[in-house]
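Trainee: test case, fold it:
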Amino acid sequence: MESKKKNKVNKEKQVKDNDIKEEEAVEKEVSEDDELLSKRIKDLEEEVLRGKAELLNYRKRKDEETARIVKYAEEDILKGFLPILDNFERAISMDDDNLEDEVSKFLSGFKLMYKQIKELLEKFEVKEIESLGKEFDPALHQAVVMGKDDKFPAGVVTEVLQKGYMYKDRVLRVAMVKVNE
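Mentor: Below is the predicted model of the structure:
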């Protein structure tokens, strides 16, 4: 009987040991699953943060692009006015200041229209690029002719052949100039 008791106790001990081993295995498995879940959650949180950052950067770029487009929306229309302004200047330059002849009377109307166009361009922040006597700047000037003039130092604009214009902080049209050698 004693041996049956010992066997029974040994079996109970083995069952307990097996139960403990199973519990430890389950706990280890649960612990590994928790670690995997924690890592996956952390990865997903980082992915969400990156997505938010990308969305904010996209919005910022779009807002800047939209602001730039709105700021320079009139640029093409204003460029179209420049040849008209040039033609008015050529016509007005024909006037000999003799107010009695027919040409001067005719050109007085041109002068009025020229003045209105200039005022319109100024309203839209279009300004003439001051070039005569200034240092040649390839961003503002296009050298069409080179010449020698002792009145000016080398690299200075001696004559403006076609006026250049700025629109806000951009070059609308470069000035065509004669540069001193």
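
Trainee: please count neighbours and contacts with C-alpha atoms only from this point.
Mentor: OK.

Trainee: ok, what's across the strand from residue 156?
Mentor: Taking DSSP bridges as the rule, residue 156 bridges to residue 135.

Trainee: now the spatially most central residue of the chain: which helix or strand?
Mentor: What sits nearest the mean C-alpha location of the chain, by C-alpha atoms, centre = their mean, is residue 65, with 5.8 Å. Per DSSP states H and E: residue 65 is located in helix 2-71.

Trainee: and that helix, what does it pack against?
Mentor: Helices and strands touching helix 2-71, as assessed by 3 or more C-alpha pairs under 8 Å, 6 or more residues apart in numbering; DSSP states H and E, are absent.

Trainee: chain center to that helix: distance?
Mentor: Distance of helix 2-71 from its chain centroid, counting by C-alpha atoms, centre = their mean, to the nearest Å, is 44 Å.

Trainee: 452 is where my numbering starts, stick with that
Mentor: In the new numbering, first residue 452, that becomes helix 453-522.

Trainee: ok now the next helix or strand after that helix, how far from the chain's centre?
Mentor: Using DSSP H and E, the helix or strand that follows helix 453-522 in sequence is helix 526-544. Centroid separation between helix 526-544 and its chain, computed with C-alpha atoms, centre = their mean, is 29 Å.

Trainee: list the buried residues in helix 526-544.
Mentor: The neighbour-count criterion (16 or more other C-alpha atoms under 10 Å) identifies 526, 529, 530, 533, 536, 539, 543 as the buried residues of helix 526-544.

Trainee: so what touches that helix?
Mentor: 558, 561, 562, 565, 568, 569, 572, 613, 618, 623, 624 (C-alpha atoms under 8 Å, 6 or more residues apart in numbering).
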